[in-house]
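A.B. asks: Please find the sequence and the predicted model below.
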Amino acid sequence: MSDQLATIRAFVANHVGGLEFGDDDDFFERGYVNSLFAVQIVMFVESTLGVPVVDRDLDITNFATINRIDGYARRKRAELAPAVGV
């Protein structure tokens, strides 16, 4: 398990009132979260995971599960790496 996945899991657990989610469970399909949570996810990705979220990426599918958040953050870092020399 990666540290990033653990961080994402902790964030989700903290915001869903103790409900249990698998890494591929869609928060929105299950109806336990709302649009405010979507905004909180984006803010979490930017501030905690350190990945900028640009307008074209504001698609709920990027942020609907723990694995999708993880994958989004990894893809964005890979895209940015050549540009910033990381």
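C.D. replies: Perfect, thanks for sending it.
A.B. asks: contacting residues around the residue nearest the centre of the chain?
C.D. replies: With distances taken as CA atoms, centre = their mean, residue 69 lies nearest the centre of the chain, 3.0 Å away. By CB atoms under 8 Å, 6 or more residues apart in numbering, the contact set of residue 69 is 8, 41, 45, 49, 62, 63. No exception for glycine: its C-beta is placed from N, CA and C like everyone else's.
A.B. asks: could I get those residues as a markdown table with distance to residue 28 and secondary structure?
C.D. replies: Converted to a markdown table, these look like this (distance: CB to CB, whole Å; DSSP: H, G, I helix; E, B strand; the rest coil):
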| residue | distance to residue 28 | secondary structure |
| --- | --- | --- |
| 8 | 16 | helix |
| 41 | 10 | helix |
| 45 | 16 | helix |
| 49 | 19 | coil |
| 62 | 12 | helix |
| 63 | 9 | coil |
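A.B. asks: what helix or strand is the residue nearest to the centre of the chain on?
C.D. replies: Residue 69 is located in helix 66-84, with elements delineated by DSSP states H and E.
A.B. asks: Quick check: buried residues in that helix?
C.D. replies: Neighbour counts over helix 66-84 (16 or more other CB atoms under 10 Å) mark 66, 68, 69, 70, 72, 73, 76 as buried.
A.B. asks: Nearest to residue 55, out of the residues you listed: which one, please.
C.D. replies: residue 76 (13.4 Å; CB to CB).
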